[in-house]
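Q: Take this sequence and fold it.
(one chain, ligands or ions: 2)
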Amino acid sequence: MPSPDTVTRAPAVAGEVAKFVAAGLAALAVFVIGAVLVIRDLGQSEALRDARQFAILSGQGIVEPVLRDSLLRGDRRALEAVDVAVQERVLGERIVRVKIWDRAGRVVYSDEPRAIGSTFPLEDEKLEVLRTGEARAELSNLAGPENRFERGLGELYEVYLPIRTPDGTPLLFETYQRAEEVSSTGRRIWLPFAALVLWSLVLLWLVQVPLAWRLANRVRRGHEERERLLERAVDASIDERRRIAGELHDGVVQDLAGISYSLSAAADRLPQDAPADVRAALREGATATRDSMRRIRSLLLEIHPPNLRAAGLGAALADLVTPLATHGIAVELDVADALALPEDVEQLVYRAAGEALRNVEKHAHASRVSVELRARDGAVRLAVVDDGVGFTAEERERRRAEGHVGLSLVEELATRAGGRIEIRSAPGRGTMFTLEVPA
Ligand SMILES: Nc1ncnc2c1ncn2[C@@H]1O[C@H](COP(=O)(O)OP(=O)(O)OP(=O)(O)O)[C@@H](O)[C@H]1O
Ligand SMILES: [Mg+2]
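A: Ligands and ions are numbered 1, 2, ... in the order given. Predicted coordinates:
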């Protein structure tokens, strides 16, 4: 029988897969952001190194060879020689300004003539460069007065390094490089890497989606299969019980009826002078046979539950509690009137009550038990409460491991019907079994 909630459970698979996909995406995002930051940083420092190299080449390779000692005295020819080299071979897309400083902070040359001759004491880093001879690169702070001619040129990196005049006087050679040009070098380095990382991760993530989908589907199918098996097992056991009930009813019970009738008739037909003990034996036999018949009939009732539709749930529950009453347990049965329940809910309530009451009879050693069935807010609630010996969760677990699954079966059935059971019990405190199902 196809389970009716197959359809309603399908979105659950989609939901699980969506959760998986979202989690994957989140992890991917975190990883990609981290990777991009690291790679970009690497690209950036690579680009700065590049800028420094550029400045060193210009300073030491192009400008230093044309320096003359007379430049320091402001000689026009010496200035022109430097200017030609700078204008023709240093300035371009990337390097937009060049300045040469002496140790005292005087600009001895710049491609911006207005800057030549002005003096701004050199900051510590620049003096440090003169001392160590190592080139330095940093983002320009264009706010300072020494940079007033550079302000229109956008963001700039300044790179400075020492160069020497022929007589060995140290000067500071400074280039200003467009930040845009420097970072585009950086981008050229890191973008391809970042793209590669991103695409491989996205691919990895995409490959997992169908896998997750298949896995979730398989889990769901397994679940459904299990439910089908359980249902079939329950159905099969009901069928088997019916068959046995039928056999007993049509065979043994009819035979017993015949035997008891014959024994009674034989006892009646005995002549007056027949021995008294023979007559007594015949009558006893008839009584015993009738007794056995009655017992088998009540067994049949248990095996073959009454037709709930025809008899009504109240009557069926009353039948269920009768055996307890005959064992001297005080029974209280309280079934709400006019409960119009769907048939499958009635079946479930009946099964649950049967299991709970059989447990009371078998395990509880109770002196009283109450059964209550009530409808409330679109649900029915069955409560079976006894005052018996109670039990612990471990005890139930142990019994389950031994194959005693009465309560577990009821629990499964209740869950499948969208309801639940609850068992409250403690040693010596009795047991309360409740079942709640939407009706
Ligand atoms: N009303 C009760 N009072 C005391 N103990 C109980 C009661 N109901 C259940 N138990 C305990 O819980 C255990 C599990 O109950 P469950 O109905 O699952 O299995 P079972 O009755 O032992 O076997 P089965 O129902 O499969 O014939 C029982 O073995 C018993 O120890
Ligand atoms: Mg049981």
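Q: only C-alpha atoms for contact and neighbour calcs from this point on.
A: OK.
Q: who does the strand or helix carrying residue 35 touch, helix- and strand-wise?
A: Using DSSP states H and E, residue 35 falls within helix 6-56. On a contact count with 3 or more CA pairs under 8 Å, 6 or more residues apart in numbering; DSSP states H and E, helix 6-56 meets strand 136-139, strand 156-164, strand 170-178, helix 179-247.
Q: and the ones you listed as CSV, adding mean pLDDT and distance to residue 352?
A: Converted to CSV, the helices and strands packed on helix 6-56 look like this (pLDDT from 0 to 100; distance: least, CA to CA, whole Å):
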stretch, mean pLDDT, distance to residue 352
strand 136-139, 86, 80
strand 156-164, 93, 82
strand 170-178, 94, 83
helix 179-247, 85, 13
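Q: Nearest to residue 277, out of the ones you listed?
A: helix 179-247 (35.1 Å; CA to CA).
Q: State the next helix or strand along the chain beyond the closest one.
A: Counting by DSSP H and E, the next helix or strand C-terminal to helix 179-247 is helix 254-269.
Q: Can you point out the buried residues in that following helix?
A: Buried residues in helix 254-269, counted by 16 or more other CA atoms under 10 Å: 256, 257, 259, 260, 261, 263, 264, 267.
Q: if I look at the first one, how far off is ligand 2?
A: Spatial separation of residue 256 from ligand 2 under the definition CA to the ion, to the nearest Å is 31 Å.
Q: That residue contacts residue 294, doesn't it?
A: No: the pair residue 256 / residue 294 is not scored as a contact, 10.1 Å apart, by CA atoms under 8 Å.
Q: Checking residue 103 next. Helix, strand or coil?
A: Here residue 103 is recorded as coil under DSSP: H, G, I helix; E, B strand; the rest coil.
Q: Repeat that for residue 370.
A: Following three-state DSSP, residue 370 is assigned to strand.
Q: which residue packs closest to it, ignoring adjacent ones?
A: Closest residue to residue 370 apart from its sequence neighbours, by CA to CA, 6 or more residues apart in numbering: residue 332 at 4.5 Å.
Q: So what does the one you found have for phi and psi?
A: phi -120, psi 120 (degrees, to the nearest 10).
Q: So it versus residue 215, what's the distance?
A: When distance is defined by CA to CA, to the nearest Å, residue 332 is 51 Å away from residue 215.
Q: Can you pull the residues of the stretch 301-439 of the chain lying near ligand 1?
A: 359-360, 363-364, 388-391, 395-396, 399, 404-408, 431 (CA under 6 Å from any ligand atom).
Q: check the residues you listed against ligand 2, which are close?
A: 359, 406 (CA under 5 Å from the ion).
Q: Tell me the residues of the chain that contact ligand 2?
A: Near ligand 2, the residues belonging to the chain are 359, 406 when assessed by CA under 5 Å from the ion.
Q: Give me the domain ranges for the chain.
A: Following automatic domain parsing, one finds the domains of the chain at 25-187, 308-438.
Q: can those go into CSV with extra columns for mean neighbour count?
A: Putting the domains of the chain into CSV (neighbours: other CA atoms under 10 Å) gives the following:
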stretch, mean neighbour count
domain 25-187, 17
domain 308-438, 17
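Q: could I get those as CSV with distance to residue 228?
A: Shown next, in CSV, are those (distance: least, CA to CA, whole Å):
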stretch, distance to residue 228
domain 25-187, 36
domain 308-438, 11
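Q: now the residue of the chain positioned farthest from its centre: how far from residue 362?
A: Computed with CA atoms, centre = their mean, the residue of the chain farthest from its C-alpha average is residue 273, at 90.0 Å. Separation of residue 273 from residue 362 (CA to CA): 50 Å.
Q: Could you do residue 376 as well?
A: Using CA to CA, residue 376 is found at 31 Å from residue 362.
Q: looking at this protein, which helix or strand is least sure?
A: helix 308-311 (a mean of 68; mean pLDDT, DSSP states H and E).
Q: just checking, what packs against the helix or strand following that helix?
A: Sequence order places helix 313-326 as the next helix or strand after helix 308-311, per DSSP H and E. If you count contacts as 3+ CA pairs under 8 Å, 6+ apart, helix 313-326 packs onto strand 330-335, helix 343-359.
Q: of all these, which lies closest to residue 66?
A: helix 343-359 (103.1 Å).
Q: starting at the chain centroid, how far to that closest one?
A: Relative to its parent chain, helix 343-359 has a centroid offset of 35 Å by CA atoms, centre = their mean, to the nearest Å.
Q: contacts for it?
A: With CA atoms under 8 Å, 6 or more residues apart in numbering as the test, helix 343-359 has contacts from 308-309, 313, 316-317, 320-321, 324, 382, 384, 406-407, 410, 413-414, 417, 433, 435, 437, 439.
Q: From ligand 2, how far out is the residue in the stretch 51-200 of the chain that ligand 1 sits nearest to?
A: Going by CA to the nearest ligand atom, ligand 1 is nearest to residue 200 of the stretch 51-200 of the chain, at 53.2 Å. Going from residue 200 to ligand 2 by CA to the ion gives 57 Å.
Q: Kindly reformat the helices and strands packed on helix 313-326 as JSON lines containing mean pLDDT.
A: Formatted as JSON lines, the helices and strands packed on helix 313-326 follow (pLDDT from 0 to 100):
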{"stretch": "strand 330-335", "mean pLDDT": "95"}
{"stretch": "helix 343-359", "mean pLDDT": "91"}
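Q: Now tabulate these in JSON lines and tack on distance to residue 21.
A: JSON lines is the format used below for those (distance: least, CA to CA, whole Å):
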{"stretch": "strand 330-335", "distance to residue 21": "50"}
{"stretch": "helix 343-359", "distance to residue 21": "38"}
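Q: Wasn't residue 146 part of a strand?
A: No: going by three-state DSSP, the assignment for residue 146 is helix, not a strand.
Q: Which single residue of the protein ends up nearest ligand 2?
A: Scanning the chain for proximity to ligand 2 using CA to the ion identifies residue 406 as nearest, at 4.3 Å.
Q: give the contact list for that residue.
A: Counting by CA under 8 Å, 6+ apart, residue 406 has contacts residue 355.
Q: Torsion angles phi and psi at residue 328?
A: phi 80, psi 20.
Q: Nearest spatial neighbour of it, chain-adjacent residues omitted?
A: Residue nearest to residue 328 in three dimensions, not counting chain neighbours: residue 367, with 7.5 Å by CA to CA, 6+ apart.
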